[in-house]
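# show me the folded form of this:
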Amino acid sequence: MADDRGDPAPAMPARMTEPFEAGVVVRDLELMARFYREALGCSEVHRSRIPASIGVPAGLGDELLVVWLQVPSGGRVKLIRPQVAPAPAYSVLPLTARRGLSYLTFHLDDMDPVVTALATGGARPLSDPVVVWARGRRISFWADPEGNALELVDGRGDVREPGRSEP
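Residues are numbered from 1 along each chain as shown. Purely as a prediction, here's the structure:
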């Protein structure tokens with residue numbers, strides 16, 4: 001398989017055996033699990049306490065509580081609550097002015113009901129306007145209730161609505 005430039009894809013040293021997971025460190029595990037279930041349609045597949053005897057040598061810190069949420073399209077979001085509450089994620093910097101993981105992207109057939117659910121669930125829009133047209137798609141960036149950034153993408157870029165951006 002080749003990438004977008006036509007370069008051959010590098011060989012994988014091992015076969016992946018489970019869906020991709022992204023870990024999100026949270027302060028309020030129950031609030032965030034409910035938010036991801038209700039606003040984004042994720043379903044809880046597992047919940048576990050990771051003891052300090054594993055967390056410390058693994059470089060994760062002390063004891064952790066973890067909830068694995070299945071994303072409807074595949075992959076998982078892993079919510080992680082450490083013993084010591086993490087610093088808030090809110091930032092005035094643009095998403096691309098930060099290093100490391102910046103946001104989770106959810107591809108949807110229609111973002112409108114999810115935009116409504118995010119607003120109802122305590123998220124705040126980061127896009128201005130809330131929905132932006134870009135190359136035949138609509139995109140919208142949000143901060144979840146704890147400030148973690150989320151991107152919504154759908155292919156309905158040909159739909160024009162009042163108060164929404166132009167390409």
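
# tell me the SS of the nearest residue to residue 140 once chain neighbours are set aside?
Of all residues not flanking residue 140 in the chain, residue 152 sits nearest, at 4.5 Å (C-beta to C-beta, 6 or more residues apart in numbering). The way it works is simple: take the backbone N, C-alpha and C, and place the C-beta from them, glycine included. Assigned by DSSP: H, G, I helix; E, B strand; the rest coil, the conformation of residue 152 is strand.

# tell me who's in contact with residue 152.
By C-beta atoms under 8 Å, 6 or more residues apart in numbering, residue 152 lies in contact with 105, 106, 108, 111, 114, 115, 118, 138, 139, 140, 141, 142.

# in strands, which of these fall?
Among the contacts of residue 152, the members falling in strands (DSSP state E) are 105, 106, 108, 138, 139, 140, 141, 142.

# give me the buried entries from the residues you listed.
106, 108, 138, 139, 140, 141, 142 (16 or more other C-beta atoms under 10 Å).

# can I get those residues in CSV with pLDDT and distance to residue 35?
Shown next, in CSV, are these (pLDDT from 0 to 100; distance: C-beta to C-beta, whole Å):
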residue, pLDDT, distance to residue 35
106, 94, 13
108, 93, 17
138, 95, 22
139, 95, 20
140, 96, 16
141, 94, 16
142, 95, 11
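
# now flag whichever of the residues you listed is closest to residue 123.
residue 142 (4.6 Å; C-beta to C-beta).

# what's the local residue count around residue 10?
Counted with other C-beta atoms under 10 Å, the neighbours of residue 10 add up to 7.

# helix/strand/coil for it?
Once three-state DSSP is applied, residue 10 turns out coil.

# what's the pLDDT at it?
Here the pLDDT value assigned to residue 10 is 73.

# give me the most central residue, this structure.
residue 104 (2.9 Å; C-alpha atoms, centre = their mean).

# residues contacting it?
Per C-beta under 8 Å, 6+ apart, neighbours of residue 104: 22, 24, 77, 148, 149, 150, 151.

# try residue 105
150, 151, 152, 153.

# dump the contacts of residue 152 to a markdown table, plus distance to residue 40.
Shown next, in a markdown table, are those (distance: C-beta to C-beta, whole Å):
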| residue | distance to residue 40 |
| --- | --- |
| 105 | 11 |
| 106 | 6 |
| 108 | 9 |
| 111 | 11 |
| 114 | 7 |
| 115 | 11 |
| 118 | 8 |
| 138 | 16 |
| 139 | 16 |
| 140 | 13 |
| 141 | 14 |
| 142 | 10 |
